[in-house]
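Visitor: Let me see the structure of the following:
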Amino acid sequence: MGVSLPRPAALAARLETPIEDWPYLDEGTLVKTRSRKVCMTCHWFRHHAGVNCIPVLTCQLHQGLIAHGEHLVCRCQGWTDDMTRQKGWAPEVA
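Guide: Presented below is the predicted three-dimensional model:
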């Protein structure tokens, strides 16, 4: 396997933080959009079952929470198409 590279202490601490404790993404990160390029269609978007099974919406790229509803009308500059849409559901391995 590969050799793991050292991480800055701040990044390592943030990656170990429970998802529910991540900060919410602000208007400086998310911008309103009227296209299909919204958080929900992004490769980095995830949802998790939070406390009492209430969905927690997250951006893995920014390590932040997305407010409910914002995932349908906002995106960030790091938006990327989902891998299944880029390469197909089961790409042929050469």
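Visitor: give me phi/psi at the nearest residue to Ala49 once chain neighbours are set aside?
Guide: Spatial nearest neighbour of Ala49, chain neighbours left out: Pro55 (6.8 Å); criterion: Cβ to Cβ, 6 or more residues apart in numbering. Every residue, glycine included, has its C-beta placed from N, CA and C. Phi and psi for Pro55, reported as degrees, to the nearest 10, are phi -60, psi 140.
Visitor: so who does Pro55 touch?
Guide: 47-49, 68 (Cβ atoms under 8 Å, 6 or more residues apart in numbering).
Visitor: Would you map the strands across the protein?
Guide: With strands called from DSSP state E, the chain shows them at 31-32, 45-49, 55-59, 64-66, 74-75.
Visitor: Please report the number of neighbouring residues for the closest residue to Gln60 other than its chain neighbours.
Guide: Once flanking residues are discounted, Gln60 sits nearest to Trp44: 4.6 Å by Cβ to Cβ, 6+ apart. By other Cβ atoms under 10 Å, 16 other residues sit near Trp44.
Visitor: ok, Trp44 to Gly50 distance?
Guide: Note on Trp44: its distance to Gly50, by Cβ to Cβ, to the nearest Å, is 18 Å.
Visitor: OK, contacts around the residue nearest to Gln60?
Guide: 59-62, 78, 80.
Visitor: Among those, name the buried ones.
Guide: For the contacts of Trp44, a neighbour count by 16 or more other Cβ atoms under 10 Å gives the buried set as 59, 61-62.
Visitor: want to throw those into CSV with distance to Asp26 and pLDDT?
Guide: Shown next, in CSV, are the buried ones among the contacts of Trp44 (distance: Cβ to Cβ, whole Å; pLDDT from 0 to 100):
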residue, distance to Asp26, pLDDT
Cys59, 12, 96
Leu61, 15, 94
His62, 10, 95
